[in-house]
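Colleague: predicted model follows, preceded by the sequence.
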Amino acid sequence: MQQTADQQVHNLIRGAGKAKGERGRAKMDIVESKHISEPIKSEAQISHLALDIGGSLIKLVYFSTNSDSSSSSSKDSVAVSSGNEGRPVLEGKLHFAKFETAKINDCIDFIRSKQLRHSGFQKHGAPAGEKCTIKATGGGAYKYTDLFKEKLGICLDKEDEMDCLVAGSNFLLKAVHTEAFTYMDGQKEFVQIDHDDLYPYMLVNIGSGVSMIKVDGPGKFERVSGTNVGGGTFWGLGRLLTKCKSFDELLELSHRGNNRVIDMLVGDIYGGMDYTKIGLSSTTIASSFGKAISDNKELEDYKPEDISRSLLRMISNNIGQISYLNALRFGLKRIFFAGFFIRGHAYTMDTIAVAVHFWSKGEAKAMFLKHEGFLGALGSFMSYEKHGFLNLKVHQLVQQSPVDASRGGDKIHDPPNGELNENQSIDCSICLS
Ligand SMILES: Nc1ncnc2c1ncn2[C@@H]1O[C@H](COP(=O)(O)OP(=O)(O)OP(=O)(O)O)[C@@H](O)[C@H]1O
Ligand SMILES: CC(C)(CO)[C@@H](O)C(=O)NCCC(=O)O
């Protein structure tokens, strides 16, 4: 029988209690990698992989065992049979990786380097020679079907993008204590989620474009709105206006910029005064990029730093406002923001949070997710279990390590070696049923 996303989450969490003190318990660290171009440790074996192929980025989630299963004498042998109900438990790590969609060939090379054909991707019991299949979501799962077949001989088994986002979000919010946090005035505060009081909430996924989804329960949701002014707009317009070569460079520039150079503030219009009657302070942006009307300057006369800052502020503010207005339509007080546009970037989060706070008069709360860009890929990964495709059973969360609370600083958070550090990993286990 197929399981709902909620049942999967329930299994995961229920298993956590059962697992405590169990001998031979398997551990799975969750590790994030960035633009990986080299294989992970050669002895690691990849047993499951899922994709989210978006308009800007491809996200991968894959499970690797800690050692080579063919070595039966290894003390790190892959299968241990002390899991729940005697099922074999795999010991390993859940990895996260991303590639630019424009560089899909790098992603294909990466997958090829994992030698999936020898790693259990064929449906259990399927005749030899049957095509290798991996779960994939996002528009690229359709667009690149032929490319994957042609280059890797792999069939993409498509999962709906919204289903995956919601499944990934529900899973993370329930399974990871330190997943959700608020960010305001440079202060990051983790939010403890009451599992019995999670729904309804608004999920705003800021990718190339933005989806706003009212989540009412496990697998129960409606995409209530969206906007085409999203992460792709920031990166696309930013690239044209600043000549930046990478998204990271554009984000980095915004740290040093001053938006007041280009944005027209209420004070610019009101001779330095607040417009108190309607609640606008002199420092509120009256019109993004509005100063460029009258400055008599050309594009080259503005610093790329200031352009980047104004653009980031404009887009973040707009998304925050639209999100709140949609939350208001349905009386939702909690809005979770995800998607790779955010990148744990302080100014982005602060702007979104301020917009939600301002328009809701403090009634609604913006929250952010640690695994922001991987919701869809995680949901896609979890669908292996839903379909019983590979008998994968993520069944318990053992513990989470504390997260570095300084992570919300005004900097980019992908560590130089591309992997999350110890503090940012979570331990759990999976078991094959
Ligand atoms: N290294 C990067 N390269 C390009 N864009 C990046 C990078 N890091 C963050 N971004 C931002 O993240 C956005 C993509 O986010 P995400 O991966 O969540 O969406 P997507 O799945 O590509 O888009 P969609 O869901 O709309 O198809 C980009 O448009 C850009 O704003
Ligand atoms: C089209 C998708 C869903 C693809 O991920 C995303 O880019 C999006 O939500 N764009 C916004 C489209 C709109 O609602 O105006």
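Modeller: That came in fine, so what should we check first? Ligands and ions are numbered 1, 2, ... in the order given.
Colleague: near ligand 2, which residues of the protein show up?
Modeller: Applying CB under 6 Å from any ligand atom, we find that the chain lies next to ligand 2 at 54-55, 139, 161, 207-211, 226-228. C-beta coordinates here come from the backbone N, C-alpha and C atoms, glycine included.
Colleague: average pLDDT across the helix or strand encompassing Arg239?
Modeller: Arg239 belongs to helix 231-242 when assigned by DSSP states H and E. Helix 231-242 carries an average pLDDT of 98.
Colleague: can you check stretch 146-166 too?
Modeller: Here the average pLDDT along stretch 146-166 is 97.
Colleague: ok, now stretch 198-215?
Modeller: Mean per-residue pLDDT for stretch 198-215: 98.
Colleague: send the alpha carbons of the helix holding Arg239 over as PDB?
Modeller: Output of helix 231-242 as PDB, limited to C-alpha atoms (Å, rounded to 0.1, in the frame of the first residue of the first chain):
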ATOM      1  CA  GLY A 231      15.400  34.700  -7.800                       C
ATOM      2  CA  GLY A 232      15.700  34.400 -11.500                       C
ATOM      3  CA  THR A 233      14.800  38.100 -11.700                       C
ATOM      4  CA  PHE A 234      17.400  39.100  -9.200                       C
ATOM      5  CA  TRP A 235      20.100  37.100 -10.800                       C
ATOM      6  CA  GLY A 236      19.100  37.900 -14.400                       C
ATOM      7  CA  LEU A 237      18.600  41.700 -13.900                       C
ATOM      8  CA  GLY A 238      21.600  41.800 -11.600                       C
ATOM      9  CA  ARG A 239      23.900  40.200 -14.100                       C
ATOM     10  CA  LEU A 240      22.800  42.600 -16.800                       C
ATOM     11  CA  LEU A 241      23.100  45.700 -14.600                       C
ATOM     12  CA  THR A 242      26.400  44.900 -12.800                       C
END
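Colleague: would you mind writing the CA trace of the helix or strand following it as CSV?
Modeller: Per DSSP H and E, the first helix or strand lying C-terminal to helix 231-242 is helix 247-256. Output in CSV follows, covering the C-alpha atoms of helix 247-256 (Å, rounded to 0.1, in the frame of the first residue of the first chain):
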residue,chain,number,x,y,z
PHE,A,247,25.3,34.7,-8.4
ASP,A,248,27.7,34.6,-5.4
GLU,A,249,29.5,37.6,-6.7
LEU,A,250,26.3,39.5,-7.0
LEU,A,251,25.2,38.6,-3.5
GLU,A,252,28.7,39.5,-2.2
LEU,A,253,28.4,42.9,-3.9
SER,A,254,25.2,43.6,-2.1
HIS,A,255,27.0,43.4,1.3
ARG,A,256,29.0,46.5,0.5
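Colleague: right, is helix 247-256 up against ligand 1?
Modeller: Yes - using CB under 6 Å from any ligand atom, helix 247-256 reaches ligand 1 at Phe247.
Colleague: what helices and strands are in contact with that helix?
Modeller: helix 231-242, helix 304-329 (3 or more CB pairs under 8 Å, 6 or more residues apart in numbering; DSSP states H and E).
Colleague: what residues of that helix count as buried?
Modeller: 247, 249-255 (16 or more other CB atoms under 10 Å).
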